[in-house]
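[1] Sequence isn't available, so here's the structure alone:
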């Protein structure tokens, strides 16, 4: 399959690489497509941005509970690469027919870069034969699908819940079971007026953070950026309602606007008890709360997200990393076997949780005793899977398309203007879509 220079440079987001010009995009190396090895020693090369995945796969390779009975004896050699660079290097290495890894971790917002020009089809193993028998039991396959085929397996279900300071909620008289966003926003406005504390946050820095925060709420409300066929669905009643609610929250002080939900501004707001609740995925507990306010251990709790009065879900999602297998290599079958064992078995999903608190993607495991009995010390000993189970049973589906990165950059500015009250919600979304369409039609 030929990948022309224009398409390659669009995917890479770079110019003058000197690698495009008619080279066939394939996962084969300089030796050509290798004959598969059916058994024996399998030292797999793995590219990832996260040391947590490096630790997990290294341990999984020799864990008898996971790999016992396999035809291969596994080892894993890890290369650490920044998320955006993984996709770029995979493509340039493939075009130049240079060595590739057998396993690659693809951050969810980078996957759209391989959804055009048959890149996923040429580089990665079609994993649909592994996922299809699981049906709806396996969550979060849609963001990594192209043409109805699944090319990567999600590592963490990234279930969004509301984390809140139980001690301060009690002190301020905020019920822990507020039913709707509309009710909570009214309570939050009163709290902000009295104490200056916020019950949520909105990003106002980079386009990625701005749009991610909007999409997290939009998915919960039942909306989306794209439908299952890749068509834009940005301008909708749900989108307008969500953006208006975000703007109202910032205006009233119920929501605090922060330049970076994960960086210094958020850390300061948490440490000063200015931010006393936030909707974030499960991984935020480790990377946002525990990392920035370890001294607040035992004070935080998790609950499902207050629903929107107009409908939607009590769960949402944000972020994720999926692993793909590079095709047509000697150890492609071995890598597929390891990934299936580590990602599609109860033992593998439990091991992932204990390795890095990665939530299972098999929906029935949320009710399994091995997960239900887990208590979280940071969350005051809470049986947190009772919350995650309720959210996982009511998770929205997240669809992506090849132009997702362009859409994010097009929407970021208009959404921020709407949040700041400088433009109406529907007008902002319409402006963003028009900017997107001008770029993708070039």
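    Cool, got the structure. It should be emphasised that the depicted structure is a prediction, and the values quoted were computed from it without experimental measurement. Numbering: from 1, shown residues only.

[2] Walking through the stretch 101-250 of the chain, point out its helices one by one.
    Per DSSP state H, counting those that start in this stretch, the stretch 101-250 of the chain carries helices over the ranges 119-123, 128-131, 166-172, 181-195, 207-221, 237-252.

[3] which one of those lies closest to residue 296?
    Comparing the helices of the stretch 101-250 of the chain by their distance to residue 296 (CB to CB), the top pick is helix 166-172, with 8.9 Å. The C-beta positions use only the backbone N, C-alpha and C, and glycine is treated the same way.

[4] List just the one of the helices of the stretch 101-250 of the chain that sits closest to residue 359.
    helix 207-221 (15.6 Å).

[5] tell me which strands and helices that closest one is in contact with?
    With contacts taken as 3 or more CB pairs under 8 Å, 6 or more residues apart in numbering; DSSP states H and E, helix 207-221 sits against strand 200-203, helix 237-252, strand 316-317, helix 404-419.

[6] most packed of the ones you listed?
    strand 316-317 (a mean of 28; mean count of other CB atoms under 10 Å).

[7] What pairs with that one, parallel or antiparallel?
    Using DSSP bridges, strand 316-317 pairs in its sheet with strand 159-165 (antiparallel).

[8] where's the partner strand relative to the chain centroid, distance-wise?
    Mean C-alpha position of strand 159-165 versus that of the full chain (CA atoms, centre = their mean, to the nearest Å) differs by 16 Å.

[9] now what about that strand, what contacts it?
    The contact list for strand 159-165, computed with CB atoms under 8 Å, 6 or more residues apart in numbering, reads 176, 199, 216, 220, 273, 276-282, 284-285, 289, 296, 299-306, 315-318, 359, 387-388, 391-392, 395.

[10] Spit out the contact partners of residue 209.
    203, 260-262.

[11] And residue 188, how close does it get to residue 181?
    Using CB to CB, to the nearest Å, one obtains 10 Å as the distance from residue 188 to residue 181.

[12] same deal with residue 313?
    12 Å.

[13] Who has more neighbours out of the two?
    Neighbour totals were compared for residue 313 and residue 181, and residue 181 leads with 26 against 20 (other CB atoms under 10 Å).

[14] my guess is the more buried one meets residue 307, correct?
    Yes: if you go by CB atoms under 8 Å, residue 181 and residue 307 touch, sitting 7.2 Å apart.

[15] which element is the residue nearest to the spatial centre of the chain on?
    Taking CA atoms, centre = their mean, the centroid of the chain lies closest to residue 319, which sits 1.7 Å from it. Here residue 319 is covered by no helix or strand, with elements defined by DSSP states H and E.

[16] dump the residue contacts of it.
    107-108, 156, 158, 212, 281, 283.

[17] and with 6 Å instead?
    158, 281 (CB atoms under 6 Å, 6 or more residues apart in numbering).

[18] Okay, it and residue 107: tell me how far apart.
    8 Å.

[19] So which of the contacts of strand 159-165 are in strands?
    The strands, defined by DSSP state E, take in 277-281, 300-303, 316-317 from the contacts of strand 159-165.

[20] would CSV of the residues you listed with distance to residue 236 and pLDDT be doable?
    Converted to CSV, those look like this (distance: CB to CB, whole Å; pLDDT from 0 to 100):
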residue, distance to residue 236, pLDDT
277, 27, 98
278, 25, 98
279, 20, 98
280, 24, 97
281, 23, 96
300, 34, 98
301, 33, 98
302, 29, 98
303, 27, 98
316, 16, 97
317, 18, 96
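
[21] between these, which is nearest residue 193?
    Among these, and counting by CB to CB, the member closest to residue 193 is residue 277, at 16.4 Å.

[22] ok, that closest one touching residue 199?
    Yes: under the criterion of CB atoms under 6 Å, residue 277 makes contact with residue 199 at 4.4 Å.

[23] any idea how far stretch 278-287 is from the chain center?
    Relative to its chain's centre, stretch 278-287 lies at 12 Å (CA atoms, centre = their mean).

[24] what's the span of that stretch, first residue to last?
    The first residue of stretch 278-287 is 14 Å away from its last residue (CA to CA, to the nearest Å).

[25] Show me what that stretch is in contact with.
    158-160, 162-163, 200-201, 305, 318-319, 357, 359.

[26] Give me the secondary structure label for residue 325.
    strand (DSSP: H, G, I helix; E, B strand; the rest coil).

[27] what's the nearest residue to it if we skip its chain neighbours?
    With sequence-adjacent residues excluded and distances taken as CB to CB, 6 or more residues apart in numbering, residue 325 is closest to residue 125, at 4.1 Å.

[28] do you know how far the one you found is from residue 323?
    For residue 125, the distance to residue 323 (CB to CB) stands at 11 Å.

[29] residues shared between the contacts of those two?
    Residues within reach of residue 125 and of residue 323 at once, by CB under 6 Å, 6+ apart: there are none.

[30] Around residue 206, how many other residues sit close by?
    14.

[31] Please name the residues that touch the residue lying closest to it once chain neighbours are set aside.
    With sequence-adjacent residues excluded and distances taken as CB to CB, 6+ apart, residue 206 is closest to residue 412, at 7.3 Å. Residue 412 is in contact with 207, 210-211, counting by CB under 6 Å, 6+ apart.

[32] go again using 10 Å as the cut-off
    Going by CB atoms under 10 Å, 6 or more residues apart in numbering, residue 412 touches 203-212, 214, 432.
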